[in-house]
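Novice: Attaching a predicted model along with its sequence, questions to come.
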Amino acid sequence: MRHLRIVPDDTKFDFMRFRRISFPVSALLSIIAISLYFFHGLNFGIDFKGGTLIEVQSKAGAADLAKMRASLGSLGLGEVQLQQFGAPNDVLIRIAEQPGGEAAQQQAVSKVRGALGDEVNYRRVEVVGPRVSGELLSYGVVGLMLAIVSILIYLWFRFEWQFALGAMIANVHDIVLTIGFMSVTQIDFDLTSIAALLTILGYSLNDTVVIYDRIREMLRRYRKLPMPDLLNASVNQTLSRSVITHVTVSLALLALLLFGGQAIHSFTATMMFGVVLVGTYTSVFIASPILIYLGVGTGRDSLSAPDRDK
Amino acid sequence: MLYFTRWKATAIMLTAFVVCLFAVPNFLPEKMVQSWPKWAQRHVVLGLDLQGGSHILLEVDSNAVRKEKLETVRDDARRVLRDARVGYTGLVVRGNSVEVRIREGSNFDQALEKLRELSQPLGGVLSATGQRSLDVTTEAGNLVRLTVTEPALVERIRQSVDQSIQIIERRVNELGTVEPLIQRQGTDRILVQVPGLQDPTRLKELLGKTAKLDFRMVDVSMPAEQAAQGRIPPDDEILYSASQPRTPYLVEKRILVSGGDLTDAQPGFDQRTSEPIVSFRFNTSGARKFAQVTQENVGKPFAIILDNQVISAPVIREPILGGAGQISGNFTVESANDLAILLRAGALPAPLTIIEERTVGPGLGQDSIAKGKVSSYVGAAMVIIFMLATYGLFGLFANVAVAINVAMIFGVLSLLNATLTLPGIAGIVLTVGIAVDSNVLIYERIREEVRGGRTPINAIDAGFSRALATILDSNITTFIAAAVLFYIGTGPVRGFAVTLGIGIITTVFTAFTLTRLIVAYWVRWRRPQRVPI
């Protein structure tokens, strides 16, 4: 039986040449992502902004959004957002944080319950008070930093410092682009988004480490091979593995995206973007070529010295 | 790499088998499992997002604790100075301290010494931290300032939380729900998780009430409306009725008997009007006080006050000597029942505020389980087919290894009695991706070694030993991310971190042992002339 081969044996793509394109493109995309974050912003969910989120299901067929909007708008709760959520009878109600401290949030929920009455089932009610939301955000940011630093330290021990630095640049690049994606799509940015970011971090690093592992092995074996050729060979040798792994991960994610339901939709969409699009691209086109600039392998042999100027 | 001693092979298979066995109770009906010994009953707990229920985070009102603490200090200072017969003026609470001005300079040292005695060492005699409950300082003009120290306040808040947890437990248990979880979080917070609750309104009402009950006299010297507009007598205050319309009452500040003296409270019906009521019973000292007060005040009204709201203000018709009474006040059957629960459980030492609430209805939970199942099955099926198409027989080996891997994840989750959330299911699906990757790494490496000119067995051996180093490195990095997630995450996110972390460990175990073992047995059996990948 003939097996499926996505990548032919012994590919010889010159990935390193692409760094003259990939580096400026990545830099540009990162700048765009950062300015998106500052000028367009993220759609902070209630976890970080505080407020109330209520998911209701109308008992009699499709929900009448206009009617609900009218009855909730008259409650004096400030901005009330309604959104169809999955099925036509599912509605997501978002209420901004109420002034007047913790107790005011709870009163808002009672008012909504009073206004909608028995016409709907309450599928989910989430209320995050002002104090908790501030803490959750700082926890999230601290966690992300902590993860990057601890992974960096691990890589520093396992490899040389240049590899750790290269991986970190690749890492930050992934996170920045994913945040840009979240800003463009205005996906809810909540606690699960932090989870998604951390997983993307882990995955992208996983991929980078596999290639770095090979580069390290090649460095030991071929002492005179010019650096760009060595990096190209390493990426090409691991290419088949990278592609197959990413296909399987994408298949698993695709199943979650299609059948996992609304509750984890933004989570899987973010993962899909981060893992499949950014993670793969980064380890091949950013994490590996950057080692040339960080001076990996320059001390191996005087014969390879001319590479340094490239 | 391909040689296993007999005992090693047995140990590997036994470990995998035993861990998988722990997953079994999850798939059997509950009735069947109940007759098993306790250690075998361990199973995965469904998170609130899957089984439905309420997660409520409460915070002790630290301002109320502070205020109460300061008032205690003020009262203590008054008592001490009065006992020592020292004249003083302006005993007030100001900011975080109590201030008092000693009238006679000659008494100052004596007064200061007495006031200093109020400051207690913290944490008992044994843990001599050197910290005290009060900082006593003096200022010009014979002013003494008693400041409540921060550690003293923190300790008081901790005590309040401990007492509150006990009271909340009593209240929640009355709801008759299964396995409520009530635990302290940080210094001033309490987490309450109640699974399988349709509507949390009643739970929140039971949690949100301080349930401080007092009996006080109503001041009938002037109408309450008049007092509200003009001067309120210094020993009185205006409180409003709990029911609509809110009528004002002029009541004395002095508490005759408090809820702390109750021994029992039960809902019932008034024999004449058949309205719902709550009947109560005092302990001995409460009964004595109540008897004395009612004897002295026949014909006058007294107020029954719950959390500073007047529930009713009946007129004392005759002395109540038996130590039992009843409260009536526009109750419904349910509100009478709830009040009885609150009175039996006791009053909270300080008010609690709900600062976070997450409630999932049972319908959404079931939908999520169904969706989680469908997406897992579809994802698994696609991965299995893809692996078979790519690697043939070795793809089958990989699929077997991944299946055992997933079974082991469930085994470990059961062993830890871990909570499975919807993001947790996502974590398992992603683990399937990582687990497959470990096989891909090995197989691709073997292919490379074959192309490099090695004999099949040699190539398989080298492929394993080289790929395993990479697998370890790449999985440790992902594991670090999972560990950080576990550390910072709460609820569902933590569930994701748990399954991801466990998944990585089982993946490394399977890659290092089971996959190798399967391939080793195949090599010994078939003596392959070429590698079929």
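Specialist: Ah, there it is.
Novice: And residue B:226, how close does it get to chain A?
Specialist: Per Cβ to the nearest Cβ, to the nearest Å, residue B:226 is found 32 Å from chain A. Heads up, the C-betas are built off the backbone N, CA and C, glycines and all.
Novice: just residue B:286 next, same as before
Specialist: Per Cβ to the nearest Cβ, residue B:286 is found 32 Å from chain A.
Novice: what number of residues lie near the nearest residue to that residue once chain neighbours are set aside?
Specialist: What sits nearest to residue B:286 in space, not counting adjacent residues and going by Cβ to Cβ, 6 or more residues apart in numbering or on different chains, is residue B:261, at 2.7 Å. Residue B:261 sits with 20 neighbouring residues when counted by other Cβ atoms under 10 Å in any protein chain shown.
Novice: Then residue A:61?
Specialist: Taking other Cβ under 10 Å as the definition, residue A:61 ends up with a neighbour count of 8.
Novice: pLDDT at it, what is it?
Specialist: pLDDT, residue A:61: 80.
Novice: Can you tell me the centre-most residue of chain B?
Specialist: For chain B, the residue lying nearest the average C-alpha position, counting by Cα atoms, centre = their mean, turns out to be residue B:191 (2.1 Å).
Novice: Check the secondary structure at it for me.
Specialist: Remark: residue B:191 carries the secondary structure label strand [criterion: DSSP: H, G, I helix; E, B strand; the rest coil].
Novice: what's the answer for residue A:223, then?
Specialist: Secondary structure assignment for residue A:223 (three-state DSSP): coil.
Novice: burial of it, as a residue count?
Specialist: Counted by other Cβ under 10 Å, the residues lying close to residue A:223 total 12.
Novice: Quick one: low-confidence residue ranges for the chain.
Specialist: I went with chain A, as the question did not name one. Regions of chain A meeting the criterion pLDDT under 70 cover residues A:1, A:299-310.
Novice: switch to chain B, that's the one I care about
Specialist: Counting by pLDDT under 70, the ranges of chain B that qualify are B:1, B:123-130, B:178, B:490-492.
Novice: right, and residue A:16 touches residue A:228 too?
Specialist: Yes. With the criterion set as Cβ atoms under 8 Å, residue A:16 and residue A:228 qualify as a contacting pair; they are 4.2 Å apart.
Novice: how about the strands of chain A, start to end?
Specialist: With DSSP state E as the criterion, chain A has strands at A:43-44, A:51-58, A:80-85, A:87-95, A:120-128, A:188-189.
Novice: Could you tell me the angle between the second one and strand A:120-128?
Specialist: It refers to strand A:51-58. On the basis of axes from the mean of the first three to the mean of the last three Cα atoms, to 10 degrees, strand A:51-58 is oriented at 170 degrees to strand A:120-128.
Novice: Which strands border strand A:51-58, and is each parallel or antiparallel?
Specialist: As defined by DSSP bridges, the strand partners of strand A:51-58 come to strand A:87-95 (antiparallel), strand A:120-128 (antiparallel).
Novice: nearest to residue B:305, of these?
Specialist: Ranking these by distance to residue B:305, with Cβ to Cβ as the measure, places strand A:120-128 first at 29.5 Å.
Novice: Run the angle between that closest one and strand A:80-85 for me.
Specialist: 120 degrees.
Novice: Dump strand A:120-128 to CSV, keeping only the CA atoms.
Specialist: These are the backbone C-alpha positions of strand A:120-128, laid out as CSV (Å, rounded to 0.1, in the frame of the first residue of the first chain):
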residue,chain,number,x,y,z
VAL,A,120,-36.6,32.4,28.6
ASN,A,121,-34.4,29.8,30.2
TYR,A,122,-31.3,31.2,31.9
ARG,A,123,-28.5,29.1,30.5
ARG,A,124,-25.6,31.0,31.9
VAL,A,125,-25.1,34.0,34.2
GLU,A,126,-21.7,35.5,34.9
VAL,A,127,-21.1,38.5,37.0
VAL,A,128,-17.7,39.8,37.6
